[in-house]
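**Student:** Give me a 3D structure for the following:
(chains A and B)
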2 protein chains.
Amino acid sequence: MAFISVKEALAGTAGSQSLVGSEVTVKGWVRTRRDSAALSFVHVSDGSCFAPIQVVATDALPNYETEAKRLSAGCAVIATGTLVASQGKGQSYEIQATGLEVVGWVEDPETYPIQPKAHSLEFLREVAHLRPRTNLFGAVTRIRHCLAQAIHRFFHENGFYWVNTPIISTSDAEGAGQMFRISTLDMMNLPRTEAGGIDFSKDFFGKEAFLTVSGQLNVEGYCLALSKVYTFGPTFRAENSHTTRHLAEFWMIEPEIAFADLAADAALAEQFLKYLFRAVLSERADDMAFIAERVQKDAITRMEAFVNAPFERIEYTEAVRLLQASKQKFDFPVEWGLDLQTEHERWLTETHVGRPVVVTNYPEHIKSFYMRLNDDGRTVAAMDVLAPGIGEIIGGSQREERLDVLDARIAKFGLDPAHYQWYRDFRRYGTVPHAGFGLGFERLVVYVCGLSNIRDAIPFPRAPGSAEF
Amino acid sequence: MAFISVKEALAGTAGSQSLVGSEVTVKGWVRTRRDSAALSFVHVSDGSCFAPIQVVATDALPNYETEAKRLSAGCAVIATGTLVASQGKGQSYEIQATGLEVVGWVEDPETYPIQPKAHSLEFLREVAHLRPRTNLFGAVTRIRHCLAQAIHRFFHENGFYWVNTPIISTSDAEGAGQMFRISTLDMMNLPRTEAGGIDFSKDFFGKEAFLTVSGQLNVEGYCLALSKVYTFGPTFRAENSHTTRHLAEFWMIEPEIAFADLAADAALAEQFLKYLFRAVLSERADDMAFIAERVQKDAITRMEAFVNAPFERIEYTEAVRLLQASKQKFDFPVEWGLDLQTEHERWLTETHVGRPVVVTNYPEHIKSFYMRLNDDGRTVAAMDVLAPGIGEIIGGSQREERLDVLDARIAKFGLDPAHYQWYRDFRRYGTVPHAGFGLGFERLVVYVCGLSNIRDAIPFPRAPGSAEF
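**Tutor:** Got it, this is the predicted structure:
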């Protein structure tokens, strides 16, 4: 028969067909080899699931001495043999090999970077192209995949349409200072305007162009035609911050719903996060068990608690009062009109409520111009979803759908109305209350996998000034 | 009850609950209004499906004269009433309104760009932020969504893991001439090296950085750990070509499979495309019917033929012989060693075979350095999948897994081996035969929707030098 995955071998079935007692072939890479008298236990992984399969090679194999006993971590093999119940601990089935072909050796096993031992995360970032071969990054990759699939599935099942908003943007909507410029101009011979500036009319798009920081403003146009839409794509920030919490390039998820207020937005956020975490708990139990064992002890229990707890709702004004009354010592001041810091958010969600919290109605001047002004005139219909163990995980708002109020806010924020004519059109033609939220995909991965550095949540880590490929 | 979607209203059910005879509420935007004696038929769309629902408003409504009779295309309404079988043609159910609230008017209906009539695609590109409100772009958006979901679902069901490869790349692997540069340097005050060049060590990433043209080389590293992986994300080309077939920014799908040769790659491509088209035919029959009526007459029959036809396999050398023997007049020459042009591809797939064709084993010098050299020494294990009506839709290859051959090809192509150390590592440590392919998502949308300009396949069209937001 054709070859099967290690996952199928360990399950003992492919589809509905039992494989136990049959001859099977698996293809993968050696994790470890352990020798006993006249036989070797070779653990082979193909990444289809967390566990490797144990291949039992005996000296009956013609290449046992010449090849099998020389296998080291990372060698590529094709193992054929009978699938039988394993006598060993921790594995369901094993393969009693009748053939063991070595497809790819490891050049100089002594210096191969991915040895069968625990490596520091710092070291693994230096060999990022090989780190998917480790237990941890195999697990993180499968969990990432599970989350991404669940995101698309959740929205699809709930009648949302995916829209990919532009990556390259010539709108400097939200502060060009933190944006990456894209250009095809020859930097050694920059064209100049008569006034002495750079002549961007000669550039590829005929004007200055940047990498997008968010697809929200664009996707609103689709929301006001298709009612329920979402983006899931890369966004960029050129903040030169060497923290463990920021990336220059990250994926954002931004749903947008029409005929909706902030309460509907918060309900969607709660339903969404719980759906994702349920998916991980049920579909990646193997990888999560490893995460709980090696990375974050309460990784599973904290997610189980999350999916079972109703989210609390607290208004910002009340949150400030609670923080001030807490007698807790904070590094940052707590005062009406200042934004909440992570330490405040974590106190609210972890200590005060002990569950996820949606904080609503923030002071208008600390939030974005497009958020809907509340009747009190000093707060906007914005929300942050705070989760125990991380703080803010989602930020959202009801959007200002009243043209006159939007215009006043564009003016108040000192923005150029000429850049927003198209955005204003959504309010001129059939405007409706609408709302949405955004969350960073990598931040979700960090949370689920209990990682402490967000660079370990992306397939190829990169930081300002870092060497990379 | 809460409001329902137009899709649910037209189906007469929400979940398993019948809605016929019940009071329902829908929320959406007016497409058309037609008046009869003392009543109006208002067609309301919310984008959940192709068709609008007919709302019957009578003069029994308190705001019939003042509001209902003033409704024009694009107005946002909330309609409440009884869902009943429709007497009219072409619709299953309609709503006999007991309430009709106008949420958002259209400012100056005379000048509203999206009138209830056919607009030229050129005009709609100028009002791209409003064009999702048209029948065509609603349909295209839902079909895009259906394709994207089917892509993720296909790979998930077949054991692939999604990997998002870097968008920002400091490797100029495949020809920096066509790449966009990203920078945060102040262009008015560029830092210089002592030799007089630009000092990119002062730039955000400490070296020159570009937008990626492909995730393939990166994803190979994940393939050689997890066996079956795929990318689905944006890629960029700075080719200044104002054609109807090229985009500066487009999404690519790039699966990569380990322990696989070119035949396995071609089989995967066939299985994949058929899965996608079956999904569109079954899930978006409403939108496809509109496409067939208004855009491309054979849109449905051509996809049905596609999913039912076994793909033909033809070697490049044989394809050249067939083209030369065809007595067909071509604009471009046909000669062994030259690449096939669209006219050649279309003759092969449309005229000669009448089905999709996989052309394999191209001359090595017209393909990329990473493709596996065949034993003949003059062809590589590359393939193009050609489809009737479009020509090439997928390009793929088996990758060169032998380090010595790869090194020779890197040298032959004049590439700098220093840039490929990490890529070489995959061949030094447990190398295996592997293969993959790539296809442009928008090209798929163009094909399925019968569009003639690829800018109509993206949510926000953009071209070199175009005004955009």
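**Student:** Number of residues surrounding the residue of the stretch 201-350 of chain A found nearest chain B?
**Tutor:** Among all residues of the stretch 201-350 of chain A, residue A:226 sits closest to chain B, at 3.2 Å; criterion: C-beta to the nearest C-beta. (Glycine included, C-beta is placed from N, CA and C.) Counted by other C-beta atoms under 10 Å in any protein chain shown, the residues lying close to residue A:226 total 27.
**Student:** Quick check: pLDDT value at it.
**Tutor:** You'll see residue A:226 listed with a pLDDT of 98.
**Student:** Isn't it up against residue B:139?
**Tutor:** No - with contact defined as C-beta atoms under 8 Å, residue A:226 does not reach residue B:139; the gap is 10.9 Å.
**Student:** How about the residue of the stretch 201-350 of chain A closest to chain B, nearest residue that isn't a chain neighbour?
**Tutor:** residue B:47 (3.2 Å; C-beta to C-beta, 6 or more residues apart in numbering or on different chains).
**Student:** Give me the neighbour count for that neighbour.
**Tutor:** Neighbours around residue B:47, by other C-beta under 10 Å: 27.
**Student:** residues in contact with it?
**Tutor:** A:161, A:225-227, B:28, B:132, B:138, B:141-142 (C-beta atoms under 8 Å, 6 or more residues apart in numbering or on different chains).
**Student:** Wait, a strand at residue A:423?
**Tutor:** No - using DSSP: H, G, I helix; E, B strand; the rest coil, the assignment for residue A:423 is helix, not a strand.
**Student:** Burial check on it, number of neighbours?
**Tutor:** 21.
**Student:** Helix, strand or coil: sort out residue A:10 for me.
**Tutor:** Applying three-state DSSP: residue A:10 is helix.
**Student:** from what I can see residue A:63 touches residue A:79, true?
**Tutor:** No - the criterion here is C-beta under 8 Å, and residue A:63 misses it with residue A:79 at 11.9 Å.
**Student:** Need the overlap of contacts for those two.
**Tutor:** residue A:100.
**Student:** circling back to that earlier point, let's have the contacts of residue B:47 in CSV, adding secondary structure and distance to residue A:407.
**Tutor:** Output for those, formatted as CSV (DSSP: H, G, I helix; E, B strand; the rest coil; distance: C-beta to C-beta, whole Å):
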residue, secondary structure, distance to residue A:407
A:161, strand, 29
A:225, helix, 23
A:226, helix, 26
A:227, coil, 25
B:28, strand, 26
B:132, helix, 24
B:138, helix, 29
B:141, helix, 29
B:142, helix, 33
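**Student:** pLDDT score for residue A:442?
**Tutor:** The per-residue pLDDT of residue A:442 was computed as 96.
**Student:** I should have written residue A:421 there, sorry.
**Tutor:** For residue A:421, pLDDT reads 90.
**Student:** Neighbours of it, how many?
**Tutor:** Counted by other C-beta under 10 Å, the residues lying close to residue A:421 total 11.
**Student:** what do you get for residue A:244?
**Tutor:** 13.
**Student:** shouldn't it be in contact with residue A:455?
**Tutor:** Yes - at 7.5 Å, residue A:244 and residue A:455 qualify as touching, with contact defined as C-beta under 8 Å.
**Student:** Around chain B, which positions in the stretch 1-150 of chain A sit nearby?
**Tutor:** A:3, A:5, A:7, A:27-30, A:46-48, A:74-76, A:78, A:103-107, A:112, A:114, A:129-130, A:132-133, A:137-138, A:141-142, A:144-145, A:148-149 (C-beta under 8 Å from any C-beta of the partner chain).
**Student:** how does it look with 6 Å?
**Tutor:** A:27, A:29, A:46-48, A:74-76, A:103-104, A:106-107, A:112, A:129, A:132-133, A:141, A:145, A:148-149 (C-beta under 6 Å from any C-beta of the partner chain).
**Student:** For the stretch 1-150 of chain A, which segments are assigned as strands?
**Tutor:** Listed in chain order, the strands of the stretch 1-150 of chain A (DSSP state E, counting those that start in this stretch) span A:13-14, A:17-18, A:23-36, A:39-45, A:53-58, A:76-85, A:93-104.
**Student:** Pick the most buried one from those strands.
**Tutor:** With neighbours defined as mean count of other C-beta atoms under 10 Å in any protein chain shown, these peak in mean count at strand A:53-58, which reaches a mean of 24.
**Student:** Strands of the stretch 351-469 of chain A, residue ranges please.
**Tutor:** So, for the stretch 351-469 of chain A - with DSSP E, counting those that start in this stretch - the strands run A:357-363, A:379-387, A:391-398, A:434-440.
**Student:** With mean neighbour count and distance to chain B as added columns, please give those strands in JSON lines.
**Tutor:** Shown next, in JSON lines, are those (neighbours: other C-beta atoms under 10 Å in any protein chain shown; distance: least, C-beta to the nearest C-beta, whole Å):
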{"stretch": "strand A:357-363", "mean neighbour count": "23", "distance to chain B": "20"}
{"stretch": "strand A:379-387", "mean neighbour count": "25", "distance to chain B": "17"}
{"stretch": "strand A:391-398", "mean neighbour count": "23", "distance to chain B": "14"}
{"stretch": "strand A:434-440", "mean neighbour count": "23", "distance to chain B": "10"}
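**Student:** Nearest to residue A:194, out of those strands?
**Tutor:** Nearest to residue A:194 among the strands of the stretch 351-469 of chain A is strand A:434-440 (41.4 Å), distances taken as C-beta to C-beta.
**Student:** Let me know the angle separating the closest one from strand A:391-398.
**Tutor:** If you take axes from the mean of the first three to the mean of the last three C-alpha atoms, to 10 degrees, strand A:434-440 sits at 160 degrees to strand A:391-398.
**Student:** report the angle between the axes of strand A:434-440 and strand A:379-387?
**Tutor:** 40 degrees.
**Student:** give the contact list for residue A:82.
**Tutor:** The contact partners of residue A:82, taken as C-beta atoms under 6 Å, 6 or more residues apart in numbering or on different chains, are A:23, A:96.
**Student:** Quick one: check the helix or strand hosting residue A:289 for contact with chain B.
**Tutor:** For residue A:289, the host element (DSSP states H and E) is helix A:285-294. No - judged by C-beta under 6 Å from any C-beta, helix A:285-294 makes no contact with chain B; its nearest approach is 11.3 Å.
**Student:** Now whichever helix or strand comes after that helix: buried residues?
**Tutor:** Past helix A:285-294, further along toward the C-terminus, the next helix or strand under DSSP H and E is helix A:299-308. Residues A:299-300, A:302-303, A:306 are the ones in helix A:299-308 that count as buried (16 or more other C-beta atoms under 10 Å in any protein chain shown).
**Student:** For those residues, give me TSV that also has pLDDT and distance to chain B.
**Tutor:** Shown next, in TSV, are the buried residues of helix A:299-308 (pLDDT from 0 to 100; distance: C-beta to the nearest C-beta, whole Å):
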residue	pLDDT	distance to chain B
A:299	97	20
A:300	98	21
A:302	95	24
A:303	96	20
A:306	96	23
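**Student:** Which single one of those residues is nearest to residue B:351?
**Tutor:** residue A:303 (57.7 Å).
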